[in-house]
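Participant: would you be able to build a 3D model of this:
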Amino acid sequence: MIGWGVIAYVAASIGIGLWAARRVKNSQDFLVAGRRLPLLWTLSLLFSTWFGSETILGASDTMARGGLLSVIEDPFGSALCLFLVGVWLARPFYRLPIRTFGDFYAMHFGSWAERVATPLMIISYFGWIAAQLVALGQVLSHFLAISLPLATGLSTLLILSYTIWGGMWSVAAVDLVQNVVIVIGLIFLVIFLPKGWWQAWDQLPEGFLRFVPPLHAESWLDYLAAWMIIGLGSLPQQDMYQRVVSARSEKVAVRAAVGASLLYVTVGLLPLTAGLFIRIYHPEWIAGEGETAAILRLVERYLPPGVQFLFWGALVSAIMSSASGGILAPAALLAENTLARWHRLSDLWKARAAVFFVAIVCFVMTLYEQNIYELVAESSIFSLVTLFWPMVIGLHAPRWRSAPGAILSMLMGVAGYYLAKWGGSSIPPLWYGMAASIVGYGIGVLGEKIIFYYRVST
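Facilitator: The predicted structure follows:
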C-alpha cells in the first residue's frame, strides 16, 4: 500500500511539472522562469537547493554517529550560504547583465577565464546529481523490487520527464508542492517518537551536543572548513545564480534567500533530532551499518503506515527537488556557454538537449559508483578552491581584475587541493586549495604587470 502511494505521489509530481511547462515559451523561461517567480516560489526554490537525501538521511545518521559538530556542513553551512546570498550577493547577482554565471567570468576576466571556469562548474555538479539519482533509485528499488541500476535508470527518466520540458518553471512548481510534503513528513517523524525521550540526554557522551570545538588550532581548522564547504563553496555556482535571478525583482530575491536560510536551519533540525533519538535509544543501529540504515529502521519501528507514507513522500520530494534543479544548472552552462555557437538549434532546444546530455552522463556515473557520500564529497569544495576568489575580486576589486590571475587562481586552487588530499594532510585540504588559489591570483597579477611594464619600457 505504501509503495503504491509513493508511486502515485511521484506520478503526481511529474504531472505538476508538466503542467508548469506550459509557461515555457523561450530559453529565458526555461532557464530562469522568465524572471517572474513571486516570493513564495523563489523561497521554495532556494530552500530546495541542497535539501536532498544527504540532509534527511545522511545528516541524521552523521548526527547519531558524531554529534552536533559532525553536521556543521549541512544543515548549518547550507543555511549560512543562503544567508550570505541574501545579504551579500542577491542584489549584485540580479543586476548583472548576463545569462549564466560562466558569463560572469567572461565579463570580468575575458573569454579565456570563462572557458576555464565553465567546465569547472559543469564538472562540479555531476557527482551531486548522480547521488540524487542513486538515492531515488534506492527508493524505487525498495518499493518496486527491481535491481538498483534499473531503478536508477527509471529515476533518471522520471526526473527528465518534466525537467526537459519545463525547465525552471517545472522545477519551481514541483518544489513548491514538495517542500510542503517535506516539512509535514519530517514533523510527523519527530512527533511520533516516544514522549519524554529527551529526558535521557544525560546518556549522551560528553561534548555530543557541543556546537563549538575546543580551543586548539587543528579543531578550529576542521570546524571552519566544515562551515566553508557549502557556506562559501556554493556561492560561485550556476544553480545559486540561476535561482536568485528567477525572482521577479531583486527585493524578492533578497527576502527569499534570507527566508530560505531560516527555513533551512529550522527544518534541518528535524533530521538531527531523529539522529539524536537513535544515538540515545538505538546506538546498535549505527554500529557498522550503512549510511542510511538507522533512520529507515526508525521509520519502520515507530511510524504507523500512513505516517510512513508521509516520510517516504518527504524523502522522494527532497531527492526530486535537488536532482531536477541540479540537472538544470550545468545544462544552462552547457547550452549558453558551449552550445551557443551551434546555430542548428534554437536557444530553447539547445537548453533541452543540454538537460538530456547532463542527465545521461550522471546516470552513466551511477553505474560505476553508487555510494552517495563518494559522489557528493567533492562538489562544493571543488568550486570553493577554484571559483570563489576570482568571484570576490570580480565583484569588489575592479582595479585588480586580471585574466591571467583568474585562470591561475582556478588551476592552482584545484592542484593545491588534490595534492594536499593525495598527500594525506592532517589539515583539511581545502585550506591548501584556497591558499593556492589566492597565491595563483597574485602570481597572475604580478606577471601581467611585469609584462606590461616590460613592453612599455621597450
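Participant: quick check, central residue of the chain?
Facilitator: The centre of the chain sits closest to residue 50, judged by Cα atoms, centre = their mean, with a distance of 3.9 Å.
Participant: what number of residues lie near residue 11?
Facilitator: Neighbour count of residue 11, defined by other Cβ atoms under 10 Å: 11. For the C-beta atoms, the positions are set from N, CA and C on the backbone; glycine is no exception.
Participant: check the gap between it and residue 319 for me.
Facilitator: Distance, residue 11 to residue 319, by Cβ to Cβ, to the nearest Å: 15 Å.
Participant: try residue 18
Facilitator: From residue 18 across to residue 319, the span is 19 Å (Cβ to Cβ).
Participant: neighbour-wise, which of these two wins?
Facilitator: Each of residue 18 and residue 319 has its neighbours counted (other Cβ under 10 Å); residue 319 has more, 28 against 16.
Participant: quick one: mean pLDDT for the helix or strand hosting the more buried one?
Facilitator: Per DSSP states H and E, residue 319 falls inside helix 305-337. Averaging pLDDT along helix 305-337 gives 88.
Participant: can you give me how far that helix is from the chain middle?
Facilitator: Centre-to-centre, helix 305-337 and its host chain are 10 Å apart (Cα atoms, centre = their mean, to the nearest Å).
Participant: stretch 218-228 too?
Facilitator: 20 Å.
Participant: any idea of the mean pLDDT in it?
Facilitator: Stretch 218-228 comes out with an average pLDDT of 93.
Participant: what's the answer for stretch 152-161, then?
Facilitator: Mean pLDDT, stretch 152-161: 94.
Participant: mind listing what's buried in it?
Facilitator: Buried residues in stretch 152-161, counting neighbours by 16 or more other Cβ atoms under 10 Å, are found at 152-156, 158-161.
Participant: buried ones in the helix holding residue 319?
Facilitator: Judged by neighbour count using 16+ other Cβ under 10 Å, the buried positions of helix 305-337 are 307-337.
Participant: mind checking how far the residue nearest to residue 403 when sequence neighbours are not counted is from residue 126?
Facilitator: Nearest residue to residue 403, sequence neighbours excluded (Cβ to Cβ, 6 or more residues apart in numbering): residue 110, at 4.2 Å. Separation of residue 110 from residue 126 (Cβ to Cβ): 26 Å.
Participant: go on, residue 48?
Facilitator: Using Cβ to Cβ, residue 48 is found at 19 Å from residue 126.
Participant: out of these two, which sits in the busier spot?
Facilitator: The neighbour comparison of residue 48 against residue 126 (other Cβ under 10 Å) goes to residue 48, with 28 against 19.
Participant: so that one makes contact with residue 177?
Facilitator: No. Counting by Cβ atoms under 8 Å, residue 48 sits too far from residue 177 to count as a contact (11.1 Å).
Participant: in the chain, which helix or strand is least confident?
Facilitator: One helix or strand of the chain scores below all others by mean pLDDT, DSSP states H and E: helix 372-376, with a mean of 54.
Participant: follow the chain on from that one and name the next helix or strand.
Facilitator: Scanning forward in sequence from helix 372-376 by DSSP H and E, the next helix or strand is helix 379-396.
Participant: for that following helix, C-alpha coordinates in PDB please.
Facilitator: Taking C-alpha atoms only, helix 379-396 is exported to PDB below (Å, rounded to 0.1, in the frame of the first residue of the first chain):
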ATOM      1  CA  SER A 379      31.200  19.200  -5.400                       C
ATOM      2  CA  SER A 380      31.200  22.300  -3.200                       C
ATOM      3  CA  ILE A 381      34.900  22.000  -2.300                       C
ATOM      4  CA  PHE A 382      35.800  22.000  -6.000                       C
ATOM      5  CA  SER A 383      34.100  25.300  -6.600                       C
ATOM      6  CA  LEU A 384      35.400  26.800  -3.400                       C
ATOM      7  CA  VAL A 385      39.100  26.300  -4.300                       C
ATOM      8  CA  THR A 386      38.700  27.300  -7.900                       C
ATOM      9  CA  LEU A 387      35.900  29.900  -8.400                       C
ATOM     10  CA  PHE A 388      35.400  31.700  -5.100                       C
ATOM     11  CA  TRP A 389      38.400  34.000  -5.000                       C
ATOM     12  CA  PRO A 390      38.000  35.200  -8.600                       C
ATOM     13  CA  MET A 391      34.300  35.900  -7.900                       C
ATOM     14  CA  VAL A 392      35.200  38.100  -4.900                       C
ATOM     15  CA  ILE A 393      37.800  40.000  -7.000                       C
ATOM     16  CA  GLY A 394      35.300  40.400  -9.900                       C
ATOM     17  CA  LEU A 395      32.600  41.800  -7.600                       C
ATOM     18  CA  HIS A 396      34.600  44.000  -5.300                       C
END
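Participant: next helix or strand past that helix?
Facilitator: Per DSSP H and E, helix 379-396 leads on to helix 403-422 as the next helix or strand towards the C-terminus.
Participant: got the buried residues for that next one?
Facilitator: Neighbour-count burial for helix 403-422, counted by 16+ other Cβ under 10 Å, picks out 403-418, 420-421.
Participant: same check on stretch 445-458?
Facilitator: Buried residues in stretch 445-458, counted by 16+ other Cβ under 10 Å: residue 445.
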